[in-house]
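A.B. asks: would you be able to build a 3D model of this:
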Amino acid sequence: MAYAAVISLKQIIERLLKSSCIPVVLNPSPRIVELLYEEVCSLQEVLKELDSSSHSDRINRNRVNALDGQIRDALYEFEDVMESRVSNQFLSQSPDLHPLSFSLDLQEVQQDIDSFIEKVKKMKKAYVEELHNPLPPEEDDRAASSEIDLGGNKSYMVGFYDLYQTVIYDVLYDDEIRTISLYGAAGVGKTTIAKEICEDPSIFECRAFVTIGPKYQLKEILKCILAQVDPDCDKLLVEEDEEVLSKYVYRSLNCWVLYLIVLDDVWDLQVWHELKRSFPDEEEESEGRFLVTTTSREVAESCFAGRAFEVPFLDKAESWNLLRQKMFPSPQLEEAGRKIAENCEGLPLLIVTVAKLLSKANKTLEYWTKVAEKKDSIFSEANEQISEVLFPSYEYLPQHLKACFLYMGVVPQNYEIPLSKLIKWWSAEGFLERVQGRTSESIALEFLRELLSKNVVMVIPNESSDGGIKNYDLHSSFWYLSNREAGKNKFSYNLNTRVDGLAEGIKGQRRLCIHNNILFGIKDVYNSIASTSTVCSLLCIGPHHPYPVPICLEYLRLLRVLDALTIRFYEFPMEVLNLVHLKYLAITFNGHLPTFISKLWNLECLIIRRNLSTVKSHGNSSYLPMEIWDLRKLEHLQIMGSNLPKPREGSFLPNLLALLDVSAQSCTKDVLGRIPNLQKLGIRIELALENVNQEPFFCFDHISHLHELNTLKCVVVNPKITLSEAVAPTFPLSMFPSSLVKLTLSGLGYPWEEMSKISSLPNLRVLKLKCYAFRGPKWEVIGRFEFEALRILLIEDTDLVQWTVADDYHFRHLSCLSIKHCYKLEEIPVNFGYRFRKIELVDCNPLLVTRVKKFRENWFELYEIYYRCFPLDLHVDSPYDDGNFKS
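C.D. replies: Numbers count the residues shown, from 1 in each chain. A predicted model of the protein is given here:
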């Protein structure tokens, strides 16, 4: 974790060097901070070498990790010295002094800086020496076997029989496919399937199975292959020359007409490129087939002339079948057994391990029920046993991904992490190095794609109309691994019980994750948390607590991240104003934000929620001070229904990219003109109770000037809806900026004719129309090339009866259509229907449901054959249906 620590320190120094508002006094050595920065950047480059070392097969990870830990501790210690000095000087200034008038004097820590620079030089030298001149590897410095006994024979493999048969067919009969890859998470069964295929009697007579692993030696792989394809090669197995061995493998394989080589547990493409010269070319008389197993999707899909199959997790039924094959439980244990199998979340290795532990325990209903309810230690024991198999998936992650993976374990088990929150957390923690021309969101998405490709993170299937990925999760076994490694590396520590709060493991941790907010109310736990002065992040992620609890913020002066949305405050906690290093603040309270919020000059993300949401129809509803405009580093501001105060002369928020839940009254030309780089805007319109005030709708007049805006959400929180229709504004809808990619409108009540202001947007890909966003019985799309870029359309809660589209020039890319709670709509246009990939109907007119089902039944004949379209995915959830329909 030294890499995450060096990135963090590097960003702290950059803020000091580049800050336009905090001058640094360094006499008599003005270049000391520059020298410090250069050494830290140099250390970062050295740590990166681990990912690309040419000696990776000989590197002793145990010794490298020990050095990494020493570097990490030194970085954390020095970072705390620097941050404490900044905090102490800042808080010691006169309260009457404007926060941005502060100057920082680092003369008192110059000796610490000099000492640290010398220490860094020594640590770099030791690290480089270990990478380039490693000592002989130790016996235990190797990956554990992940082969799973799936309980059966070759004619029946639980959950994998169809995949097994498909691969067998491709190996035997598909001459165009030379390489087949199986990829998936560690412990999912790839090695087991590959071994079963290799041992299948119908496969070619010449076969070789070799395990590669993250650390390999080419000559040993060649010897292993040679020993299996040439029984008379004993004298060659003492050969050490790779060229000689490669030639013998080539000659031996060329003697066979057909052969199969299984390369198990491949970690990167380098080994494949090194081995190719040892295999006969396709032009030779002998024909080779290669089966590769890997945790990396990138590796699987990069093998030449090949086909890649993902090995999925088992479903609930398959999980139970595998468990009972191992256990043969009595019928009265079935219900509890099914729940136990379900708790394994489809990972075969975990199922088999749990089964072994259960076989040694009492086979009583009472005990199995206890295990099913996770009131026994079996799952902890099982996860500990299999962690040595999963550990390489973490250990061999690139340096920049390790902290990101560990951070996903800060939430409770099986907690779905919203993508938007994850990006803001990672950014505030400093995991996302700033790159010129790129946003933190784009960098975070790239990191997530890498984690997904390496199968250590799971995507939560999204059934919503949006169609995009919104939530991520860790499998419980990877969550266990993440927590174990995070605690060991002082990265983070989770507290769920009083015992957790009093354990030795809490000492020296950088992040505390509170999964039960009531723990703050227990005195000894409170004191334990307060004494952990090294904490830089406090995440309160437990269930919402309805009553205030004391948080020891006055003792945690180094906090950079404070997420306390689930804790209730009546007023803003003034102790927060002393947390001058805060970059992320998320809090729920009812009062006003104090004027001294400008003290938090590092703040990048501010999220404010209210305990009570009341409709305000008169006066100024702002709870924000004028000083909000002094937070020049703000990138994300979410304020529940508040007005932004009128800016002073010269006020400017150049870095603000997202402004969410702001009142419509704030969206004036003057306000929006001072946020020129805004990319996401969310507007809440609260109408007067006694009449419809048109003034809030004027906000649309100024949005068209936001040329960077790509996401807009506008919601009338209390729309005027009569029994027959929604009350519409009396003036036309304004034009939107052409840069819009995603648009959500709710409760506006405009007539469908106003859709022409939206249909011509050239970049619009997602459109959500909710709660009478548009009203009227008829929507005709009759222009030219309307909605050209639209991919996803949601229509929810409307009085629409008839929707017609003149021709198929419109909606040229629409693939996902969702219709919800549209009780009058009788039919959807199908003249462009061949473009659909998914249709979702929820609580709709039964006539519409019937017609869409009929359309789905004719889909294959109409579109799959003629247009070569993908199959249509249809979801129906309707009380008028005889059962939920999914096809």
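
A.B. asks: hey, where'd the strands end up in the stretch 501-650 of the chain?
C.D. replies: In the stretch 501-650 of the chain, the strands defined using DSSP state E, counting those that start in this stretch lie at 511-514, 537-540, 561-569, 584-589, 605-609, 636-639.

A.B. asks: which of those strands sits closest to residue 322?
C.D. replies: strand 511-514 (33.0 Å; CB to CB). Just so you know, the C-beta spots here come from the backbone N, C-alpha and C atoms, and that holds for glycine as well.

A.B. asks: related to what we said a few turns ago, tabulate the strands of the stretch 501-650 of the chain in a markdown table, adding columns for distance to residue 395, mean pLDDT and mean neighbour count.
C.D. replies: A markdown table is the format used below for the strands of the stretch 501-650 of the chain (distance: least, CB to CB, whole Å; pLDDT from 0 to 100; neighbours: other CB atoms under 10 Å):
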| stretch | distance to residue 395 | mean pLDDT | mean neighbour count |
| --- | --- | --- | --- |
| strand 511-514 | 21 | 96 | 25 |
| strand 537-540 | 24 | 96 | 24 |
| strand 561-569 | 26 | 93 | 20 |
| strand 584-589 | 29 | 94 | 21 |
| strand 605-609 | 31 | 95 | 21 |
| strand 636-639 | 33 | 94 | 24 |
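
A.B. asks: can you lay out those as CSV showing distance to residue 753?
C.D. replies: Listed next are the strands of the stretch 501-650 of the chain as CSV, based on distance: least, CB to CB, whole Å:
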stretch, distance to residue 753
strand 511-514, 52
strand 537-540, 49
strand 561-569, 41
strand 584-589, 41
strand 605-609, 37
strand 636-639, 34
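
A.B. asks: out of those, nearest to residue 548?
C.D. replies: strand 561-569 (5.3 Å).

A.B. asks: who are the packing partners of that closest one?
C.D. replies: On a contact count with 3 or more CB pairs under 8 Å, 6 or more residues apart in numbering; DSSP states H and E, strand 561-569 meets helix 419-429, strand 537-540, strand 584-589.

A.B. asks: need the ones you listed in TSV (columns: distance to residue 471).
C.D. replies: Below are these laid out as TSV (distance: least, CB to CB, whole Å):
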stretch	distance to residue 471
helix 419-429	7
strand 537-540	17
strand 584-589	18
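
A.B. asks: and of those, who's closest to residue 810?
C.D. replies: Per CB to CB, nearest to residue 810 of the helices and strands packed on strand 561-569: helix 419-429, 30.8 Å.

A.B. asks: roughly how far out does stretch 659-670 sit from the chain middle?
C.D. replies: Taking CA atoms, centre = their mean, to the nearest Å, one finds stretch 659-670 lying 30 Å from the centre of the chain it belongs to.

A.B. asks: give the buried residues for it.
C.D. replies: By 16 or more other CB atoms under 10 Å, the buried positions in stretch 659-670 come out as 659-668.

A.B. asks: and that stretch, C-alpha only, in PDB?
C.D. replies: C-alpha atoms of stretch 659-670 as PDB (Å, rounded to 0.1, in the frame of the first residue of the first chain):
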ATOM      1  CA  LEU A 659     -24.600  21.100  -9.000                       C
ATOM      2  CA  LEU A 660     -27.400  18.900  -7.800                       C
ATOM      3  CA  ASP A 661     -30.800  19.400  -6.100                       C
ATOM      4  CA  VAL A 662     -30.500  23.200  -6.300                       C
ATOM      5  CA  SER A 663     -33.700  25.300  -6.400                       C
ATOM      6  CA  ALA A 664     -34.900  26.700  -9.700                       C
ATOM      7  CA  GLN A 665     -34.600  30.200  -8.300                       C
ATOM      8  CA  SER A 666     -30.900  29.800  -8.200                       C
ATOM      9  CA  CYS A 667     -30.600  29.000 -11.900                       C
ATOM     10  CA  THR A 668     -30.300  32.700 -13.000                       C
ATOM     11  CA  LYS A 669     -28.000  34.000 -15.700                       C
ATOM     12  CA  ASP A 670     -25.800  35.600 -13.100                       C
END
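
A.B. asks: avg pLDDT for that stretch?
C.D. replies: Here stretch 659-670 scores 89 as its mean pLDDT.

A.B. asks: list the contacts of that stretch.
C.D. replies: Residues from elsewhere that reach stretch 659-670 (CB atoms under 8 Å, 6 or more residues apart in numbering): 621-622, 636-644, 646-647, 675, 678, 680-686, 695-699, 701-703, 705, 713-714.

A.B. asks: and these, which of them are buried?
C.D. replies: 621-622, 636-644, 647, 675, 678, 680-686, 696-697, 699, 702-703, 713-714.

A.B. asks: and those, which of them are in helices?
C.D. replies: Secondary structure from DSSP state H places 702-703 of the buried ones among the contacts of stretch 659-670 in helices.

A.B. asks: what segments of the stretch 1-150 of the chain are strands?
C.D. replies: For the stretch 1-150 of the chain, the strands defined by DSSP E, counting those that start in this stretch occupy 24-25, 104-105.

A.B. asks: ranking those strands by mean pLDDT, which is last?
C.D. replies: strand 24-25 (a mean of 58).

A.B. asks: quick one: residue 799 is in a strand?
C.D. replies: No - if the criterion is DSSP: H, G, I helix; E, B strand; the rest coil, then residue 799 is coil and not within a strand.

A.B. asks: can you give me the distance of it to residue 849?
C.D. replies: Going from residue 799 to residue 849 by CB to CB, to the nearest Å gives 18 Å.
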